[in-house]
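>>> Kindly generate the corresponding structure for this input.
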Amino acid sequence: MRFLPRRPLWRAVLGLGVVVLGVVIAGVVVVVSRPRNVSHPNVQFTAPQTTTTSTTTKRRTRRPPAFSWPWYGYSAARTRDFAAPADLHPPLHTGWAYHSGALLEFPPSIHGHQMFFLDDSGYAREINTQTGKIGWTRQVGRLAAATPAIDAKAGVVLMPVLSDHTQTPGNGRFVALSMATGRVKWSKPLQAGSESSAIVDGRTVYFGDSGGTLYALNVANGHVRWTYKASGAIKGGPALWHGDLFFGDYAGRAYAVRASNGHQVWAVSTEGAHFGFGSGQFYTTPAVAYGRVYMGNTDGRMYSFGARNGALAWATTTGGYVYSSAAVADPKHLGPTVYAGSYDGYLYAFNARSGAVRWRHWAGGKISGSATVIGNNVYYSDLATHTSTGLNATTGSRVFKFNDGAFTPVVADEQAIFLIGHGSIYELLPTHRTHHRKSRAKSTQRSHRRRAHHTSRKRTRHHAAHHRKKRS
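Sure thing, here's the model as predicted:
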């Protein structure tokens, strides 16, 4: 396993004795500063009561509420773990397909039969999940990279914008659109811009910005309820668990603040004796489960902190940046597991309690987007082969492959999996199902002919190759 470049050693040499001493000191520095694994499994860990993936809503005699995948990460804790119906698994075939022509770095959100997404060129769109037909389109900026958050009660879809007028981050805004029409209901300017996928709780929406401010805004009108200032840019979205918001920043610090008032619960740094001399950056959105917070870092490690006090539970090294936000699930015959990709080209399955690697799967290229668990399978995409892959969450064996993909690969409802390619969205249906909507065949023919011309394929490919450097 290779390690990320370390800081340079002393080079001054004044004599043979100094050379020898320098070599000794250099050896000590290398040993201490080299990224290493840390494990404190006795940090508070709440074991699940069952050995199955996340529980589903019990069936009721009344008509159930509309299905909702309301924001990035599916749950408020951002675990990316969807307990799908038993028959929603590979083999899969394509129903409808939509080709946007623009880079889709972040996945859509879903409520009922409405799907909402925001492409990198700043266009927000609404699609019917059953037909693939576009409902409305609204340009909200010129540069964007986030998943919209849905507040169905208020009838709005909320999204951050990195830039209003140029392809350079800055001078963005946060905007609320009508779910029905795409009309702008309110908009708040953000000087630094934002790519932090928001989350809603009650009448408040939470997100961060590139200037390091965490916001709590009134969903109805955008008025500021409170703000919290972090030490660096907040790129990922906050996770919500037991009344606290969890997030990381580009100063390499992890935080917990009260959702009610923004008061700090804890803040910890990844720089110190337990970590070596260096500290990376948190681009990822945290996942919270079992009383732990799970976050990947550009120092090449996946971290686990105690949700109650920020105590380091474990830090496990991979061979490259961990931009990938974690998925956390409890698959059959394996136990609580954290799934995340690395720039070293592997998808990892970590023991959620100890951080030990249960298995790893060679992807063939850098993994930047987030893994997602649907049923007992975990899905990811990579930046080299531009494919999306599904693995058995227990064993790591491949069960699915699709020849399109770049970042976070899938979301789902109770009838279909929706795969997000480089600039396309595909409805994937279980092959063994015998009853399908009659409109799918016609809508597939229509959607394959439909393309947006507001951006070229050549530009989006260039954007995909360089977007990380531009935003850091």
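>>> In the stretch 351-472 of the chain, where is pLDDT below threshold?
Within the stretch 351-472 of the chain, the ranges that satisfy pLDDT under 70 run 433-472.
>>> in it, which spans are strands?
For the stretch 351-472 of the chain, the strands defined by DSSP state E, counting those that start in this stretch occupy 357-362, 372-374, 377-381, 388-392, 398-402, 410-412, 417-420, 424-430.
>>> Would you mind finding the most buried of those strands?
Most buried of those by mean neighbour count (mean count of other Cβ atoms under 10 Å) is strand 377-381; its value is a mean of 28. To be clear about C-beta, it is placed using only N, CA and C from the backbone, and glycine gets the same treatment.
>>> before we move on, back to that, out of the strands of the stretch 351-472 of the chain, which is closest to residue 257?
strand 372-374 (26.5 Å; Cβ to Cβ).
>>> Am I right that residue 160 is in a strand?
Yes: under DSSP: H, G, I helix; E, B strand; the rest coil, residue 160 falls within a strand.
>>> Neighbours of the closest residue to it other than its chain neighbours, how many?
Closest residue in space to residue 160, ignoring its immediate chain neighbours: residue 194 at 3.6 Å, by Cβ to Cβ, 6 or more residues apart in numbering. Applying other Cβ atoms under 10 Å, we find 30 residues neighbouring residue 194.
>>> ok, back up a step: distance to residue 331 added to the strands of the stretch 351-472 of the chain, as TSV?
As requested, the strands of the stretch 351-472 of the chain are exported to TSV (distance: least, Cβ to Cβ, whole Å):
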stretch	distance to residue 331
strand 357-362	10
strand 372-374	8
strand 377-381	8
strand 388-392	8
strand 398-402	13
strand 410-412	16
strand 417-420	17
strand 424-430	19
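>>> Among the ones you listed, which comes closest to residue 344?
Closest of the strands of the stretch 351-472 of the chain to residue 344 is strand 357-362, at 9.3 Å (criterion: Cβ to Cβ).
>>> What pairs with that closest one, parallel or antiparallel?
strand 346-351 (antiparallel) (DSSP bridges).
>>> how big is the angle separating the strand it pairs with from strand 377-381?
Taking axes from the mean of the first three to the mean of the last three Cα atoms, to 10 degrees, strand 346-351 and strand 377-381 form an angle of 140 degrees between their directions.
>>> Contacts for strand 346-351, please.
Contacts to strand 346-351, defined as Cβ atoms under 8 Å, 6 or more residues apart in numbering, come from residues 302, 316, 318-319, 334-342, 356-363, 367, 371, 378, 380, 391, 393, 396.
>>> try 7 Å this time
Strand 346-351 is contacted by residues 302, 316, 318, 337-342, 356-363, 367, 371, 380, 391, 396 when judged by Cβ atoms under 7 Å, 6 or more residues apart in numbering.
>>> again, but for stretch 199-212
Contacts of stretch 199-212 (Cβ under 7 Å, 6+ apart): 71, 76, 149, 151, 158, 160, 169, 174, 190-194, 196, 198, 214-220, 225, 229-234, 237-238, 240, 245, 247, 249, 259.
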